[in-house]
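Undergrad: Below: sequence and its predicted model.
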Amino acid sequence: MPPRRPLAALTLALTALAAPLAAQDAPPAPWLRGATCYEIFVRSFADSDGDGIGDLRGLTARLDHLRALGVRCLWLTPITKAPSYHGYDPSDHYTIAREYGTDADMRRLVDVAHRAGIRVLIDMVLNHVSSEYPPFQAALRDTASPYRGWFRFAPAPGPTNQWGGTNWHRSPRRDEWYYGFFWSGMPDLNHEHPGPRAEMRRVATHWLRTIGVDGFRLDAVKYLVEEGERLDDTPATHRVLAEWQRHVKRIRPRAWNVGEVFDSTAALLPYYPGQLDAYFAFEVSDSILAGVRRGDGRGLLAPMLRLQDAVPWWRIAPFLRNHDQSRTATVLGGDLAGARLAAAILLTLPGVPFVYYGEELGMQGDKPDERIRTPMPWRDDAPHAGFTTGRPWQPLAADSLVANVAVQQRDSASLLAWYRSLVRLRAAHPVLASGRLVPLSASDPSVAAWLRVEGRERWLVVASLGRDPLAADLVLRAPADALGAGTHTVIEPLLSSASSSITVAADGAITLAPLAPRSIRVLRLGSSGGVLQRDR
């Protein structure tokens, strides 16, 4: 019979290893339920010192805007040293870029945000580094360097990629090649070597313990580890993410980590078990904007329903646009009614949604990337819309005196006022985040309708995506067990004076008066025959 002590030690070790994974399936942190997050391209948000570049002090001074908007967490794009303006090629994972500030500035931002009930996530680039990264430079100079194994070198370029090109780049030092998925200035870390994995764990520990951030947004995680000719979504990539997540949860069990897997829902789903907490739902974004642009409600909910069937709500991070994509108002051809509609759809679907800075103003911007990352317009009575007293690093968008915080704060019907109402409604009624999404059929193809159901809470959302008035009354049909037959009292929280009732037939049919084009109704339903108290 084997001795008991080693077996007991092994049992304890396995239990310790499994604990962080089990914690991921435990109930989420309370702050997530009903939360909306906000992405900030730090360089373009607010400049405090007149050098034309947004910085941490400027951001801290503008937290009142985010508090008024009602968001509960921030995602900051990269703020550490890097040769590029965007920072996604880190040369030093520990040092804040001089133009953004200091560790003290970052700690103060975190402290002020926390006192306002706002968590702070920072961008974490695991896949690659800058070609100026000191370990990479050491590996280039010396084939005997201890950092040599941190990167992939070869005497000749590897096989072509799926686009017919190569991800291998000629070394400037000798007749050899190194691997970098995105370009020569971003060599990939070799996560099959223990060195980079250990270093990325140290980086995470620094930001969680020393600076006090609340989690991370992880860039380009689908490309972490290559296996043979397969460049993305490999089993080894999943293992590396799971290992990194276990480490983070040991340091801070309630840290929240969201990953970028720019792909279909089918490609996204294998990333969930035992890996990061949530992932961005790119297909949901595409579906919302395509439906609004075409004026067609059919299929709008399909990507979200696939995610809902596979993972709990708090593992889903829907959004409309981010720093790599043309802005919503531009995609919709300047149609701000469509932008209002898209925002309302996003913020009445399950998950923890993200809003890209300036989307709440209807800012426009198209490729190249710099033009979808233009400075935030704060005022209409100051040079450069109050972003800086100097020369902005990038000219402001042409619509900066319309898509402008001060202008829209004076208008109760503005897009900013609409976003504030939606974000706060979601926070006040978490069923809009965590309730089950139940699709309804509609008699008109330009309409999408759904229920949000949790316990005794029932909400009905009806979106008219078309540009033409509906020709007749709208008939919706709910699953037989979703709503009780009879008359239901109704309040529309987005319309402060609106209260009425709807009737559900025995077969689940609901008849509504025609909706106006490009409009949405968000209805809180009472019990059949019951009375629903008005929100105060």
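TA: Cool, the structure landed. Note that the structure is a prediction, hence the values are computed from the model and not measured.

Undergrad: Can you report how many residues neighbour Val110?
TA: Applying other CB atoms under 10 Å, we find 22 other residues in the vicinity of Val110. From N, CA and C alone the C-beta is placed, and that goes for glycine too.

Undergrad: low-confidence ranges in the stretch 1-150 of the chain?
TA: Screening the stretch 1-150 of the chain residue by residue with the criterion pLDDT under 70, one finds the ranges 1-26.

Undergrad: Could you find the closest non-adjacent residue to the residue nearest the centre of the chain?
TA: In the chain, the C-alpha closest to the average C-alpha coordinate belongs to Phe354, at a distance of 4.2 Å (CA atoms, centre = their mean). With CB to CB, 6 or more residues apart in numbering as the criterion, Phe354 has its nearest non-adjacent residue at 4.2 Å, and that residue is Phe319.

Undergrad: for that neighbour, phi and psi?
TA: Backbone geometry at Phe319, expressed as degrees, to the nearest 10, gives phi -160, psi 170.

Undergrad: and it, what is it in contact with?
TA: 39, 280-281, 284-285, 346, 353-356 (CB atoms under 8 Å, 6 or more residues apart in numbering).

Undergrad: what stretches of the stretch 251-400 of the chain score poorly on pLDDT?
TA: Per-residue confidence of the stretch 251-400 of the chain (counting by pLDDT under 70) places no residue in a weak region.

Undergrad: ranges for the strands of the stretch 151-300 of the chain?
TA: With DSSP state E, counting those that start in this stretch, the ranges of strands along the stretch 151-300 of the chain come out as 153-154, 168-170, 177-179, 215-219, 256-259, 278-280.

Undergrad: which SS state does Thr487 fall under?
TA: strand (DSSP: H, G, I helix; E, B strand; the rest coil).

Undergrad: For His247, see how far away it is.
TA: Between Thr487 and His247 the distance is 55 Å, computed by CB to CB, to the nearest Å.

Undergrad: do the same with Ile96
TA: Going from Ile96 to His247 by CB to CB gives 22 Å.

Undergrad: and what of Ser91?
TA: Counting by CB to CB, the separation of Ser91 from His247 is 23 Å.

Undergrad: how is this protein carved up into domains?
TA: Following automatic domain parsing, one gets these domains for the chain: 12-35+73-127+194-355+408-428, 134-179, 435-528.

Undergrad: my read: the residue nearest to the centre of the chain touches Cys37, true?
TA: Yes. Applying CB atoms under 8 Å, one finds Phe354 in contact with Cys37, separated by 4.7 Å.

Undergrad: before we move on, the earlier item: more crowded one of Thr487 and His247?
TA: Neighbours were counted for Thr487 and for His247 using other CB under 10 Å; His247 has more, 18 against 13.

Undergrad: can you tell me which residues contact Asp335?
TA: Listed by CB under 8 Å, 6+ apart, the contact set of Asp335 reads 329, 518.

Undergrad: residue ranges for the helices of the stretch 251-400 of the chain, please.
TA: Remark: helices assigned in the stretch 251-400 of the chain by DSSP state H, counting those that start in this stretch are 265-268, 282-294, 302-310, 328-331, 336-346.

Undergrad: wait, which of the ones you listed is closest to Ala471?
TA: Comparing those by their distance to Ala471 (CB to CB), the top pick is helix 282-294, with 18.4 Å.

Undergrad: between that closest one and helix 302-310, how many degrees?
TA: Computed with axes from the mean of the first three to the mean of the last three CA atoms, to 10 degrees, the direction of helix 282-294 lies at 150 degrees from that of helix 302-310.

Undergrad: And helix 282-294, what does it pack against?
TA: Helices and strands touching helix 282-294, as assessed by 3 or more CB pairs under 8 Å, 6 or more residues apart in numbering; DSSP states H and E, comprise helix 265-268, helix 302-310, helix 328-331, helix 336-346.

Undergrad: Can I get that helix as CSV, trimmed to CA atoms?
TA: Once non-C-alpha atoms are left out, helix 282-294 reads as follows in CSV (Å, rounded to 0.1, in the frame of the first residue of the first chain):
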residue,chain,number,x,y,z
PHE,A,282,-17.6,40.3,-32.5
GLU,A,283,-20.4,38.5,-34.3
VAL,A,284,-23.0,40.2,-32.1
SER,A,285,-21.5,43.6,-33.1
ASP,A,286,-21.7,42.6,-36.7
SER,A,287,-25.3,41.4,-36.4
ILE,A,288,-26.6,44.5,-34.7
LEU,A,289,-25.0,46.9,-37.1
ALA,A,290,-26.0,44.9,-40.2
GLY,A,291,-29.6,44.7,-39.0
VAL,A,292,-29.8,48.4,-38.3
ARG,A,293,-28.0,49.3,-41.6
ARG,A,294,-30.3,47.1,-43.7
